[in-house]
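K.L.:
generate coordinates for the sequence data below:
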Amino acid sequence: MPTLLCATVSLLLSVLIGPCSPLNPRDPNVCSLWESFTTSVKESYSHPYDHVTEECVRHRYAPPPHTTLIIYRTAYRQAVKTDHRRRYQCCPGYYESGGKCVPRCTKECVHGRCVAPDRCQCEGGWRGEDCSSACDDKHWGPRCDQQCKCENGALCDPVKGACQCPPGFIGRHCEDSCPAGTFGRGCLQRCRCGKCDPETGQCRCAKGFTGNRFVLKV
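P.N.:
I've put the predicted structure just below:
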């Protein structure tokens, strides 16, 4: 009996508020509307099916009057009933996917994702309405709106803005030359002479000396 009662209540609710929807009414991207629907119902009505003629009390000198009575009985017929219910659907600019309303972008977000109707959020290093344009060598970030601060010809990472220093320079923005006695990328190599070129490691001979290690005197 409880099972039958629950089934009856569920059926009644589905008729009143519409079929079950996976959409969450509290979702800000879910809109509601009222729609009409029809159902076939069985209704009762009074149907005349017979009549009876009765003789009334007559006057002494008049002919006997008569009256006719119509007899009705309850009958049933099929009728169409129109009602209204609330229906939930995705708001304009959104579509249903996996029970949620997600934004729709007319253009594909090539290097990014759609975060609002026709609005892409680009990945780092990309820009444009559809995130298809790469940052130039002077800018970085999701919309390429961050200015690179790299110096001395260093390459700027378009995603994080980090500087890739060329040989002979170090520092956050590659602003410093290699310390004395070191050279190369990251200044990780040791000079083989007193002073060397911070980029190539070539020795810088003092006046009167020549050769890779100052071994020849002129």
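K.L.:
tell me, what residue is most central in the chain?
P.N.:
Ranked by distance to the mean C-alpha position of the chain (CA atoms, centre = their mean), the top residue is Val102 at 3.6 Å.
K.L.:
show me what contacts that residue?
P.N.:
Remark: with contacts taken as CB atoms under 8 Å, 6 or more residues apart in numbering, Val102 is in contact with Asn29, Tyr94, Tyr95, Glu96, Cys114. Glycine gets a C-beta too; all of them are placed from N, C-alpha and C.
K.L.:
confirm it sits in a strand?
P.N.:
Yes: under DSSP: H, G, I helix; E, B strand; the rest coil, Val102 sits within a strand.
K.L.:
immediately after the helix or strand bottoming out on mean pLDDT in the chain, which helix or strand?
P.N.:
Within the chain, confidence by mean pLDDT, DSSP states H and E is lowest for helix 2-17 among all helices and strands, at a mean of 41. Next in sequence after helix 2-17, counting helices and strands by DSSP states H and E, comes strand 30-55.
K.L.:
how far off centre is that following strand?
P.N.:
Here the centre of strand 30-55 is set off from its chain's centre by 48 Å, with CA atoms, centre = their mean, to the nearest Å.
K.L.:
in it, what's buried?
P.N.:
Val30, Cys31 (16 or more other CB atoms under 10 Å).
K.L.:
adjacent strands (with direction) for it?
P.N.:
Counting by DSSP bridges, the strands paired with strand 30-55 are strand 66-90 (antiparallel).
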